[in-house]
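[1] next input, structure requested:
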Amino acid sequence: MEKKKLISVVIPTYNEEANVGPMTETLTKIFREQLPEYDYEIIYIDNHSKDNTRVLLRKQCEADRHVKAIFNARNFGQLRSPVHGLKQAYGDCVVRLNADFQDPPQMIPELVREWEAGNRIVIGIKRKTEDGPLIGFARRQYYKILRKITDIGHIENFTGFGLYDKAFVDVVRGIHDPVPYLRGMIAELGFDYKTVLYDRPQRKAGKSKNNFYSLYDIAMVGITSYSKVMLRFATFVGFGIGFLSFLIAIFYFVMKLVRWDWFRTGIAPLVIGVFFLGGVELFFIGLMGEYILSINQRVLNRPLVVEEERLNFEDNTPLVE
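    Sure, this is the predicted structure:
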């Protein structure tokens, strides 16, 4: 009898006690009723939840060997933990989705069909975002800037939800980046991908863990990991301001010589110039600091996460950093 293909489903969690039970039930039903020709495993990677998420996951692992769990020693952030979970999955393909049902698990059969049609990566793209007008405008402008300042094509309205062939996961498994940016990896590593549009529903339960700081952190990782334009832009801006200041100095010098009696320079241009230059300098010092922080994180070469415990994994399943 031919061995069934294995589909791994990787689900990051953090304080998702109201969602992990319904998610496991939904996925189990989908695989048993719509994808019975495949074997499956559901891998939860918990980012040190403070509620009963871990208790519920333990019970699920005891009740069903298809359910596996990785417990992180602390919260390692929403970039590092999902990629670590992806590296621990050894299925013929890996589905990555969130536990809050905003990535519809009902789309998995469609993703699998596209994969069987020959697409190694099938990603879900939101038709529209649920952001407010201000955040939505900032997000659109961010992607416009990112496309102009980087050499790779970043994917707009993509959160990581999708299906990844074993060949792609093997490549990711061989990359040790302490600050991984999955969206950039997909565009950078050269695999063609198929997009599937979907309407993102509201969270089934719980509260979103995203805030301005977490979104800003992800945005800066995207810029510092894949763009050198901003640092060179700082050089060009500095040269431009210096040249403009030189022209203004010549103008003032000439006007003072020609109209000595009535041309008064005053201190207003001096004050404005000092504040303008100070603002520009602080902006680019902060930008350089982001690049230095990114370099520092990579030089320290810390592991993506530190695992506290893993459940239902076979003894011969290797731990990959």
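[2] what are the buried residues along the helix or strand hosting M288?
    Element membership for M288, per DSSP states H and E: helix 268-300. Of the residues in helix 268-300, F284, L287, Y291, S294 count as buried by neighbour count, 16 or more other C-beta atoms under 10 Å. (Each C-beta comes from the backbone N, C-alpha and C, glycine too.)
[3] what is the nearest of the residues you listed to L35?
    S294 (40.1 Å; C-beta to C-beta).
[4] wait, doesn't the closest one sit right on P178?
    No: at 9.6 Å, S294 does not count as touching P178 under the criterion of C-beta atoms under 8 Å.
[5] OK, contacts around D165?
    D92, C93, W115, R120, I121, F191 (C-beta atoms under 8 Å, 6 or more residues apart in numbering).
[6] next, count neighbours for the nearest residue to the fifth one once chain neighbours are set aside.
    Translated: I121. Of all residues not flanking I121 in the chain, Y193 sits nearest, at 3.8 Å (C-beta to C-beta, 6 or more residues apart in numbering). A count of nearby residues for Y193, using other C-beta atoms under 10 Å, gives 18.
[7] for N72, same thing?
    Neighbours of N72 under the rule other C-beta under 10 Å: 24.
[8] now do the phi/psi pair for the residue nearest to I121.
    The phi/psi pair for Y193 (degrees, to the nearest 10) reads phi -130, psi 150.
[9] how close does it get to D165?
    Separation of Y193 from D165 (C-beta to C-beta, to the nearest Å): 10 Å.
[10] cool, and A249?
    Taken as C-beta to C-beta, the span from A249 to D165 is 62 Å.
[11] same question, V171
    Using C-beta to C-beta, V171 is found at 10 Å from D165.
[12] check E25 too.
    Taking C-beta to C-beta, one finds E25 at 27 Å from D165.
[13] looks like N19 contacts D100 (just checking).
    Yes: N19 is within contact range of D100, at 5.6 Å (criterion: C-beta under 8 Å).
[14] coming back round to it: quick one: which of the contacts of D165 sit in strands?
    For the contacts of D165, the ones inside strands are C93, I121, with DSSP state E as the criterion.
[15] ok, and the most crowded of the contacts of D165?
    Using other C-beta under 10 Å as the neighbour criterion, C93 leads the contacts of D165 with 25 neighbours.
[16] for that residue, list each beta-bridge partner.
    Judged by DSSP bridges, the bridge partners of C93 are I7, D165.
[17] is it true that it touches V112?
    Yes: taking C-beta under 8 Å as the definition, C93 is a contact partner of V112 at 7.5 Å.
[18] give me the common contacts of those two.
    Shared contacts of C93 and V112 (C-beta under 8 Å, 6+ apart): I7, L163.
[19] right, and the helix or strand after the helix holding M288?
    strand 307-311.
[20] got the buried residues for that following strand?
    So, applying 16+ other C-beta under 10 Å, buried residues of strand 307-311: E307, R310, L311.
[21] nearest residue to the first one in space, please, no chain neighbours.
    Looking back up the chat, that one is E307. The spatial neighbour of E307 that comes closest, neighbours along the chain excluded (C-beta to C-beta, 6+ apart), is I70 at 5.8 Å.
[22] and the angle for the helix or strand hosting that neighbour with strand 307-311?
    Per DSSP H and E, I70 falls inside strand 67-72. Relative orientation of strand 67-72 versus strand 307-311 (axes from the mean of the first three to the mean of the last three C-alpha atoms, to 10 degrees): 170 degrees.
[23] any idea of the mean pLDDT for whichever helix or strand comes after strand 67-72?
    Proceeding N to C from strand 67-72, the next assigned helix or strand is helix 77-87, under DSSP H and E. For helix 77-87, the mean per-residue pLDDT is 88.
[24] looking at the protein, which helix or strand is least sure?
    helix 212-226 (a mean of 63; mean pLDDT, DSSP states H and E).
[25] show me the shaky parts of the stretch 51-200 of the chain.
    Where the stretch 51-200 of the chain drops to pLDDT under 70, the residues are 129-139, 142-143, 146-147, 149-154, 190.
[26] all helices of it, in order?
    Assigned by DSSP state H, counting those that start in this stretch, the stretch 51-200 of the chain shows helices spanning 53-63, 77-87, 108-116, 133-149, 166-173, 182-188.
[27] angle of the second one against strand 307-311?
    Counting by the same axes, to 10 degrees, helix 77-87 points 40 degrees away from the direction of strand 307-311.
[28] enumerate the positions of helix 77-87 that are buried.
    G77, Q78, L79, R80, S81, P82, V83, H84, G85, L86, K87.
[29] cool, and the first one?
    For helix 53-63, the buried set under the neighbour-count rule, 16+ other C-beta under 10 Å, comprises T53, R54, L56, L57, R58, Q60, C61.
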